[in-house]
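A.B. asks: what shape does this take:
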Amino acid sequence: MEADLASGSNPVAVAGERGIGVAKPVGCGDGRAMRKTLRHHLSLLFTAAKNWSADKAFQHAAALAFYTLFSMAPLLIIAITMTGLVFGERAAEGQLLRTLEEWLGPEGAEAMEMTIAATDPRQSGWLATVFGFVLLAIGATTVFGQLQMSLNEIWRVTSNPSRSSLLLLLKTRFLSLTLVLTIGFLLLVSLMLTAVLSAVVRFFQDLIPLPGILLQITDITVSLIIISFLFAAIFKVLPDVKIPWKEALTGSFITAVLFIFGKYLISLYITYTGVTSAYGAAGSVVAILLWVNYSGLILFFGVQVTKAYAEDRGVPIEPKPTAVRLRYQLLTEDSDDAPRR
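C.D. replies: Predicted structure coming up:
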C-alpha cells in the first residue's frame, strides 16, 4: 500500500482490485432509496390529482351532494334501527347525532334530527312501518346509484347494453342496499369499540392517569380503520370493474386519512365562518351540501389514487361480466363520423 501511495495510485481503486473491503458511508444508499421511493409515490399522487381534475370531480361531487340530501335521512334511520337492536335506539341515535354535530356543526345536526323525526316510519302501525321501510330502502340506495355512475365513468366502463334494464336496476339497488347495511354494521362496530375503549379508559384511569392526547389518538385510529374499510367496500363493490383488495385498501386508506383530516377543517369552516347564517333558514341545508360535496371530492380522489397505483403495479382492471369497456375515439374533420358543416 505504501508503494501505491508513493506511485500516486488511488488507494480505493487499488484496494478494490485486490479484494480488500472498502468502507462506504453508512446510510447513504438507504437515504437515496427512500428519496426515490418518496418521489415515486408523490408522482403517483400527482398523476391521480391530474386525472381527478380531468374527470370533472367537482361535477360528480355536486351531483352526489344533491342525491345525498334526499338519501341521508333514510340512511340514518336504517343505521339507527340496526344499531338500536344492540345498544337501544336512544343510545344509537344520540351517538350518531353527536358525530353529525362534529361534522356538520350544530345547525346541520339539528336539521338532520328534525328530518329523522319527520320521516321515521316506526311511529306508525306495522303495515305503515313495513311500507315506510321499503320506501326508505329505495331512497337510501338512490345516492349509491349516482355514485356508481360516477365511478364507472372514472374507470371508463358502462353497464352492458345487451342486458335487461330491469335486471341492471335490481342489481344496482341490491348492491346499494348491501352498502347501506354495511354502513349500519360499521356504525355498530364503531359504537362497540367506543364502549369497550371507554370501559378500558375508566378502568386504567383510576390506576394510571392517561394523557388526553393518547385518548384522542386512539379515537382517531379507530375511526381511521372503520372509515378505511367503508371506502374499500365502496371501491370494491360499487363500480363495474374487478379491483383487487390490495389496490382498494391502498386507495381507501389514503382517502380515509384525507377524510378525517378534512372533516375537522370543514367543521371549523362551517362553525366559525358563519357561512350558513348568510342563508337564513336554509343554512342547515347549505352545511350538509358543503360537507357532502367535500366528502365526494375526497372520495373521487381516492378512486384516482387506486387507479394510479393499479396502473403503476401493472394490475389489469377488467370490467365485470355485467359491464363493457368504454372506448373513446377522437373525431377529425376528415373522419366519416365527423359532423358536416
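A.B. asks: show me where pLDDT drops low in the stretch 101-250 of the chain?
C.D. replies: 105, 119-133, 136, 161-212, 215 (pLDDT under 70).
A.B. asks: show me where it has helices.
C.D. replies: Taking DSSP state H, counting those that start in this stretch as the criterion, the stretch 101-250 of the chain carries its helices at 126-155, 165-207, 212-237, 245-272.
A.B. asks: for the last one, name the packing helices and strands.
C.D. replies: Same thing as helix 245-272. Where contact means 3 or more C-beta pairs under 8 Å, 6 or more residues apart in numbering; DSSP states H and E, helix 245-272 is packed against helix 89-119, helix 212-237, helix 283-312. Backbone N, C-alpha and C define where each C-beta goes, glycine included.
A.B. asks: out of the ones you listed, nearest to V324?
C.D. replies: helix 283-312 (18.1 Å; C-beta to C-beta).
A.B. asks: quick check: angle from that closest one to helix 245-272?
C.D. replies: If you take axes from the mean of the first three to the mean of the last three C-alpha atoms, to 10 degrees, helix 283-312 sits at 150 degrees to helix 245-272.
A.B. asks: got the buried residues for helix 283-312?
C.D. replies: 283-284, 286-310 (16 or more other C-beta atoms under 10 Å).
A.B. asks: one more: stretch 247-263?
C.D. replies: Buried residues in stretch 247-263, counted by 16+ other C-beta under 10 Å: 247-260, 262-263.
A.B. asks: just the C-alphas of it, formatted as PDB.
C.D. replies: Output in PDB follows, covering the C-alpha atoms of stretch 247-263 (Å, rounded to 0.1, in the frame of the first residue of the first chain):
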ATOM      1  CA  GLU A 247     -55.300  -1.700  -4.500                       C
ATOM      2  CA  ALA A 248     -58.700  -1.000  -3.000                       C
ATOM      3  CA  LEU A 249     -57.200  -0.900   0.500                       C
ATOM      4  CA  THR A 250     -54.400   1.400  -0.600                       C
ATOM      5  CA  GLY A 251     -56.700   3.900  -2.100                       C
ATOM      6  CA  SER A 252     -59.200   3.700   0.800                       C
ATOM      7  CA  PHE A 253     -56.500   4.300   3.400                       C
ATOM      8  CA  ILE A 254     -55.300   7.500   1.700                       C
ATOM      9  CA  THR A 255     -58.900   8.500   1.300                       C
ATOM     10  CA  ALA A 256     -59.700   7.900   5.000                       C
ATOM     11  CA  VAL A 257     -56.700  10.000   6.100                       C
ATOM     12  CA  LEU A 258     -57.800  12.900   3.900                       C
ATOM     13  CA  PHE A 259     -61.400  12.500   5.100                       C
ATOM     14  CA  ILE A 260     -60.500  12.500   8.800                       C
ATOM     15  CA  PHE A 261     -58.200  15.500   8.400                       C
ATOM     16  CA  GLY A 262     -60.600  17.400   6.200                       C
ATOM     17  CA  LYS A 263     -63.700  16.800   8.400                       C
END
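A.B. asks: this completes my enquiry, with thanks.
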